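In: here is a sequence with its predicted model. Questions after.
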Amino acid sequence: MGLARRNFLKNIGLAMAGTMMVRIPALGRAVAPGGDLLLAGQPDAAWLASLYDRGQATTYLKSRNELQYIGMPVGGILCGTVYLGGDGRLWLWDIFNRNQEGIEPKEVDWKEAVLGQAKKVRSRDGACYIQPSKDIRPLEQGLALKLTIGKETIVRPLDEANWPEIAFEATYPMATIRYIDPALPVELTLEAFSPFIPLNEDDSGLPVTLLSFHIHNKGKVPVEAALLGWLENKAGIDHAKEELHERVNTPAGGKGWKGVLSAVRAKDAANAAWQQSPDNGSLCLAAFDDKATVTTQLELPLTEASFSRSRRETAVHRVGEKLIGGVAVKHRLLPGKDIRTDFAISWYFPNLSFKDIQGKGRYYANHFADAAAVAGYVREHHARLTHDSRLWKTTWYDASLPWWLMERTFVNISTLATTTAHRFQSGRFYAWEGVGACEGTCTHVWQYAQAVGRIFPALERDTRQRVDLGIGMQPDGGILFRGEAEKRPAIDGQAGTVLRIYREHQMTTDDRFLRHNWPQIKKATQFIIRQDRNGDGLEDTPMENTLDAIWDGEIAWIAGLCIAAVQAGALMAAEAGDTAFAAICKDYVEKGRRNMETQLYNGEYFIHQPDKIKGRSVIGSYNTCHIDQVYGQSWAFQVGMDRVLDKEKTLSALRALWKYNFMEDVGPYLATHPGGRPYALPGEGGMILNTNPYREEFPFGVKDAWQLGYFNECMSGFEHQVASHMMAEGMTTEALTLTKAVHDRYHAAKRNPFNEIECSDHYARAMASYGTFITACGFAYHGPHRYIRFAPAMQKENFKAPFVTAEGWGTYTQLQQHGRGDYRLALKHGQLSLLTCCFEQSHPAAVVVKAGARQLPATFTHENGRVTVTLKQAVTLHAGETLQVTMTS
């Protein structure tokens, strides 16, 4: 049997294996070809209850064969990709500026043609979904434990093969790994992370991985414990030449740390070409311990002597020879005692560049000269970086919402710690859609990504000003949808960018960003209005969209998105003092809403009305049930705007998506609707992009366009968008079920839980998942107005969740019982200025506001179940302070 045939059978087997996984109880089921889905009977009550249960952190086990695919991004954001494996070893190592497509460029044989092409699945088509990557180890790296108990010595490499059990707790951005062997007298735990501090993109963008070990002596006699780490010198991995270069390991260190700096140097110091090589740089292995033992040349395999071997002379090897550095730390543990040992692995490969893009070099090169300088900075600030990172992890997961929901809605921000996203030396943020695929920080994809603008708002704000309103802004107000890599705007990307501008304005403390950029913002909004050629408030100019085609006619999802964008334009115009333009925007919104609800609503859901001349001769969604049909209203909820579409019609549309597009098992549907990329396999649940309730022969107008395959896919970014909207509209169970379907598809037993795939790995649109957290909290914030709102979609009587504002973050709690409401904002980090707070409670008679023990004068109003509390004077909370609002009936 040939290799291709074997791979084909292997991948088909993987696809069918999904049918043996635990499946979602019947909520929607395909009953006939053509997309006619019916709601099935009542789902299992226990399973439904589990959606809402608090639960506990997801923990993957060696004994359940759940470790092999785990790859948690564990380097700094915008610094390349280093994966933390399920057993604690690091892998992938995409830090050398290769600019490759996918985490593992490959093609996988498949059972059918994909998007009208060959029976192959490329990296950008989901190769890692059907054949997950593992064990990509371009360099040697690892750690080992040596225990001496009396005269007995035990050496254990920290890998899956050498421990009876390993448990991986999947709490991004800090994972906890427990190495379990009841026969040993110690308990060993690893906490692995890179500094991650919301609102601090610089300290969250350090090219370093921290490995913090905790050892507890659970026995009755003293134990000598040593940890040894090693790292291969792989600088110059692609371009170092035997005749021109040599590998060099140098001892490094400073106050409180020792390590090995690994680099490649040119034999001719004047070699200018090598200085600019993408893989010219350095790595550093360090232990944060003055007494650490360093060897610049460690031999593998390990022996007992490896832990005490010391060599501090510079080691120089030929490029073709393996050169490994090692660092060891030793401790004596008395019975019942604990020690913590910290290792760091840092890297420095600053020569990033992309063809035809205005930017090069890595941002971290502004602050460091090599990997040892990175290690030195991290050691100097270790206490603060570690404290703040742990505080964020604790704050995020210390919530009343289900653990699994907190994991899935946040995990996709790890995309920033992959080669999907970069930061140039100039400070410019730049990103692909997925790893190495589709350049230019694409507006029609990145507009779905709600996480970055909330966690690192300065990055998004700079991108709006520098790129969308700068490099990409055209004289007519159109925004090039891939920056300098494109010549056209995309209409959905244009509208989404105006909405993002409004979000970025909200995530500041004053109106400087808005006022500085208002002329360009106005032009961008005017551009949207002009695309309504017949003046009915419904965009109808043929333009590119996120489904990679130019559609004609009046399209509900695009028209509604434009209505929401112009509504945001109206609000910004009012704040900027441009009342005349605000009135123009308001008129557009009113006409658009009225006509969308009358002309594009078929009595059940919103549709695409074809162009009156071209008809259905070009691709479109037409009478099908499209996943994004009410996306404009979904976006409105993300920025705290009022309704832009009728509530009942919107709910009907969402129910139609649940009825026709959501499936507990996509297998039967995909069997009769081929051609899409495999982002959900038989046995897995999901929401199909488009279905055909009317069973039309050519529902999309054409029969042979390659883009038709999109309509038969489950793309998680779109699914997250719908889930966030359902959550906001009170369809809580549906929102949780849809999100759980995605969460289950990315279970570690099947594939990497940290890599949601669309057009390549770590796809940006998947960061729409954070939007579901926003709507679960009913969160709205307007920094310049010093306004904050919470309106939880669930657990209203006893709710707890984190929040992030322009300058600070903390925990919100809400208790309601017997006519009394207690609402608290406990600030954990930074500061928060507030004048107005909004909560949900019925008919309060009195409201008392306190900051600590100090009572603050305030007034309140009540309307439609919402209580708006306005302070007489704004208050600024600092870390450690709490604002408490008490309401009584």
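Out: Right, received. Where do you want to start?
In: centre of the chain to the longest strand anywhere in the chain, how far?
Out: As assigned by DSSP state E, the longest strand anywhere in the chain is strand 820-840. With C-alpha atoms, centre = their mean, to the nearest Å as the basis, strand 820-840 stands 26 Å off its chain's centre.
In: so what are the sheet partners of it and their directions?
Out: Sheet pairing of strand 820-840 (DSSP bridges) gives strand 787-789 (parallel), strand 808-817 (antiparallel), strand 866-878 (antiparallel), strand 882-888 (antiparallel).
In: in the longest one, what counts as buried?
Out: Applying a neighbour-count criterion of 16 or more other C-beta atoms under 10 Å, the buried positions in strand 866-878 are Val867, Val869, Thr870, Leu871, Val875, Leu877. Backbone N, C-alpha and C define where each C-beta goes, glycine included.
In: rebuild those as TSV, extending it with distance to Glu304.
Out: Below are the buried residues of strand 866-878 laid out as TSV (distance: C-beta to C-beta, whole Å):
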residue	distance to Glu304
Val867	68
Val869	67
Thr870	70
Leu871	67
Val875	62
Leu877	55
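In: of all those, which two lie farthest apart?
Out: Spanning the widest gap among these are Val867 and Leu877, at 19.8 Å by C-beta to C-beta.
In: one step back: what's the next secondary structure element after the longest strand of the chain?
Out: Next in sequence after strand 820-840, counting helices and strands by DSSP states H and E, comes strand 846-851.
In: could you point out which element follows that next one?
Out: From strand 846-851 onward toward the C-terminus, using DSSP H and E, the following helix or strand is strand 854-856.
In: surely Met698 meets Arg616?
Out: If you look again at residue 698, you'll see it is Phe, not Met. Yes: between Phe698 and Arg616 there is a contact at 7.5 Å, judged by C-beta atoms under 8 Å.
In: about what we covered before: Leu206: which of the strands paired with strand 820-840 is closest?
Out: Of all the strands paired with strand 820-840, strand 808-817 comes closest under C-beta to C-beta, at 19.5 Å.
In: then the closest one to CSV, C-alphas only?
Out: Output in CSV follows, covering the C-alpha atoms of strand 808-817 (Å, rounded to 0.1, in the frame of the first residue of the first chain):
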residue,chain,number,x,y,z
GLY,A,808,-7.6,48.7,35.6
TRP,A,809,-9.2,45.3,36.2
GLY,A,810,-10.8,43.5,39.0
THR,A,811,-13.8,41.4,40.1
TYR,A,812,-17.5,42.2,40.0
THR,A,813,-19.9,40.5,42.4
GLN,A,814,-23.7,40.7,42.5
LEU,A,815,-25.9,39.3,45.3
GLN,A,816,-29.7,39.7,45.1
GLN,A,817,-32.1,38.3,47.7
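In: who's the nearest residue to Ala167 once chain neighbours are set aside bridged to?
Out: Closest residue to Ala167 apart from its sequence neighbours, by C-beta to C-beta, 6 or more residues apart in numbering: Arg178 at 4.4 Å. Beta-bridge pairing for Arg178 (DSSP bridges): Ala167, Thr189.
In: dump the residue contacts of Arg178.
Out: Arg178 makes contact with Ile166, Ala167, Glu169, Glu187, Leu188, Thr189, Leu190, according to C-beta atoms under 8 Å, 6 or more residues apart in numbering.
In: out of the residues you listed, grab the one that's most surrounded.
Out: Using other C-beta atoms under 10 Å as the neighbour criterion, Ile166 leads the contacts of Arg178 with 24 neighbours.
In: and for that one, nearest residue in space, chain neighbours not counted?
Out: Leaving aside its sequence neighbours, Ile166 sits nearest to Lys62 (C-beta to C-beta, 6+ apart; 4.4 Å).
In: distance check, that neighbour against Arg820.
Out: For Lys62, the distance to Arg820 equals 49 Å [C-beta to C-beta, to the nearest Å].
In: with neighbour numbers in mind, choose between these two.
Out: Neighbour totals were compared for Lys62 and Arg820, and Lys62 leads with 20 against 13 (other C-beta under 10 Å).
In: still on that earlier bit, ok, the contacts of Arg178 vs Lys591, which is closest?
Out: Distance to Lys591, by C-beta to C-beta, is smallest for Glu169 among the contacts of Arg178, at 52.9 Å.
In: residue contacts, that closest one?
Out: Neighbouring residues of Glu169 by C-beta under 8 Å, 6+ apart: Ala57, Thr58, Thr59, Ala175, Thr176, Ile177, Arg178.
In: Cys838 now?
Out: Residues counted as contacts of Cys838 (C-beta under 8 Å, 6+ apart) are Ala780, Tyr787, Ile788, Arg789, Phe790, Ala791, Arg866, Val867, Thr868, Val869.
In: redo that, cut-off 10 Å
Out: For Cys838, the contacting residues are 640, 778, 780, 787-791, 823, 860-861, 866-870, by C-beta atoms under 10 Å, 6 or more residues apart in numbering.
In: the spatially closest residue to it that is not a sequence neighbour pairs with what?
Out: Distances taken as C-beta to C-beta, 6+ apart place Arg789 nearest to Cys838, at 3.8 Å, with adjacent residues excluded. Taking DSSP bridges as the rule, Arg789 bridges to Ala780, Cys838.
In: how far away is Arg789 from Lys151?
Out: 66 Å.
In: with Arg124 instead?
Out: 58 Å.
In: those two: which has the busier surroundings?
Out: More neighbours surround Arg124 than the other of Arg124 and Lys151, with 24 against 5 (other C-beta under 10 Å).
In: which SS state does the more buried one fall under?
Out: Using DSSP: H, G, I helix; E, B strand; the rest coil, the structure places Arg124 in helix.
In: wait, it sits on Gly434?
Out: Yes: between Arg124 and Gly434 there is a contact under C-beta atoms under 10 Å: 6.8 Å.
In: intersection of neighbour lists for these two?
Out: Shared contacts of Arg124 and Gly434, defined by C-beta under 10 Å, 6+ apart, are found at Glu101, Gly102, Ile757, Glu758, Cys759, Ser760, Asp761, Tyr763.
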